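> Turn this into a structure:
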Amino acid sequence: MTLSRDHKAMRVFGVVALLLATVGLSLAVGTRSVPWSEIWDGLTGRIETIGAAAVAVRMPRTALAVLAGGALGIAGAVMQGITRNPLADPGILGVNAGAALFVVVGVAWFNISGATTFLWLGIAGAGCAAVFVYAIGSTGQGGATPLKLTLAGTATSIAASAFIIAVVLPRNDIAGSIQSWQVGGIGGARFDTILPSLPFLAIGLLLSLGSARILNALALGEEMAAGLGQNVAWGRAMAAAGAIVLCGTATALCGPIGFVGLVVPHMCRMIGGIDYRTILPLSALGGAILLGMADVLGRIVARPNELDVGLVTAFVGAPFFIWTVRRQRMRGL
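Here you go, the predicted structure:
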């Protein structure tokens, strides 16, 4: 079904309004609920009440949820477009696991610290995992089919997770923090660790958005894309680089978080159609909404404690994606 321009604009406006509502809930809801009248005081730095102080503490957490969720959402959309695989996701293809492995090895073996170094390690790990999975999935007859990529990614993810356990087990001094980070969470967010990631996120976003035309062409098939004058190899490499930078950055900041890049692009296709010029921005907004709402839900269901956002996305994302596929009868891309 082709959406009219006005209809599509209304849906996009609804997504933006939902994101703003998610940000408001993220600032207001927690162990202590904050009335809306005190949220503005916290945002402007007037810390005169406990509620305003709580808002000031939640601000970096909310910002990280928006940034990491948006990065994972758009990366998932790009990966699905590159591979023409409706099951493609940074978690399923092993990219998040590769980023996590490099960060853990850097901490355990080389005593590396510092937000910027973690970001470089995450991006390097995501890139190595992506190249490895694509190389394995491309062997044999038929090339890089969706099934072979999914199997190669799953095997890589399992192997990387097992290697992480082997690295961490002898190190009691870092085991607790690494295991907590591996679950995927944003509870310890600080602006001084978020700010160094902004250039990486901006580069990944620009590369991903710039690949919209080649992704539209690839949806018609590689031969058709080449016939339309697209440089398929270069366009695919640019798109993959954008997704790798976004995945590596998000994983370095939050740990490996699954299902965001899997669910969000499918929902965005239902909202905005199949044009990647619309899907990619919507996926950024949708990922921010999903991760933000998962964080809010994690604070509510376990009060006065909280569930890490990675657990919530796993519990909510898996059945929701299955329901979506069955309800909408999703086709291969």
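> mind listing what residue 288 touches?
Applying CB atoms under 8 Å, 6 or more residues apart in numbering, we find residue 288 in contact with 19, 22, 65-67, 69-70, 73. All C-beta atoms are positioned from the backbone trio N, CA, C, and that covers glycine.
> for residue 103, same thing?
Counted by CB under 8 Å, 6+ apart, residue 103 has contacts 118, 121-122, 125, 251-252.
> For residue 217, grab the count of nearby residues.
Using other CB atoms under 10 Å, residue 217 has 21 other residues around it.
> separation between it and residue 232?
Here the criterion is CB to CB, to the nearest Å. By it, residue 217 lies 8 Å from residue 232.
> which neighbours do these two share?
By CB under 8 Å, 6+ apart, residue 217 and residue 232 have these common neighbours: residue 225.
> Most neighbours among the contacts of residue 288, which one is it?
residue 69 (34 neighbours).
> residues in contact with the residue lying closest to that residue once chain neighbours are set aside?
Nearest non-adjacent residue to residue 69, counting by CB to CB, 6 or more residues apart in numbering: residue 291, 2.9 Å away. By CB under 8 Å, 6+ apart, residue 291 lies in contact with 65-66, 68-69, 72, 186, 257, 260, 309, 313.
> what about residue 291, distance to residue 226?
For residue 291, the distance to residue 226 - CB to CB - is 37 Å.
> before we move on, the earlier item: can I get the contacts of residue 103 in TSV including distance to residue 45 and neighbour count?
Below are the contacts of residue 103 laid out as TSV (distance: CB to CB, whole Å; neighbours: other CB atoms under 10 Å):
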residue	distance to residue 45	neighbour count
118	28	24
121	34	24
122	31	30
125	37	28
251	31	34
252	29	30
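> Dump those residues to a markdown table, plus secondary structure.
Shown next, in a markdown table, are the contacts of residue 103 (DSSP: H, G, I helix; E, B strand; the rest coil):
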| residue | secondary structure |
| --- | --- |
| 118 | helix |
| 121 | helix |
| 122 | helix |
| 125 | helix |
| 251 | helix |
| 252 | helix |
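> would you turn those into CSV with distance to residue 156?
Below are the contacts of residue 103 laid out as CSV (distance: CB to CB, whole Å):
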residue, distance to residue 156
118, 21
121, 17
122, 16
125, 11
251, 14
252, 18
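> related to what we said a few turns ago, gap between the residue nearest to residue 69 and residue 221?
The gap separating residue 291 from residue 221 is 33 Å, by CB to CB.
> Okay, now the unreliable bits of the stretch 201-333 of the chain?
320-321, 324-333 (pLDDT under 70).
> thinking again about what came up before, please convert the buried members of the contacts of residue 291 into ChimeraX selection syntax.
Of the contacts of residue 291, the buried ones can be selected in ChimeraX as follows, counting by 16 or more other CB atoms under 10 Å:
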select :65,66,68,69,72,186,257,260,309,313
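> how about the contacts of residue 291 in TSV, adding distance to residue 270 and secondary structure?
As requested, the contacts of residue 291 are exported to TSV (distance: CB to CB, whole Å; DSSP: H, G, I helix; E, B strand; the rest coil):
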residue	distance to residue 270	secondary structure
65	23	helix
66	22	helix
68	23	helix
69	18	helix
72	19	helix
186	27	coil
257	22	coil
260	16	helix
309	24	helix
313	19	helix
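> Nearest to residue 238, out of the contacts of residue 291: which one, please.
residue 72 (19.0 Å; CB to CB).
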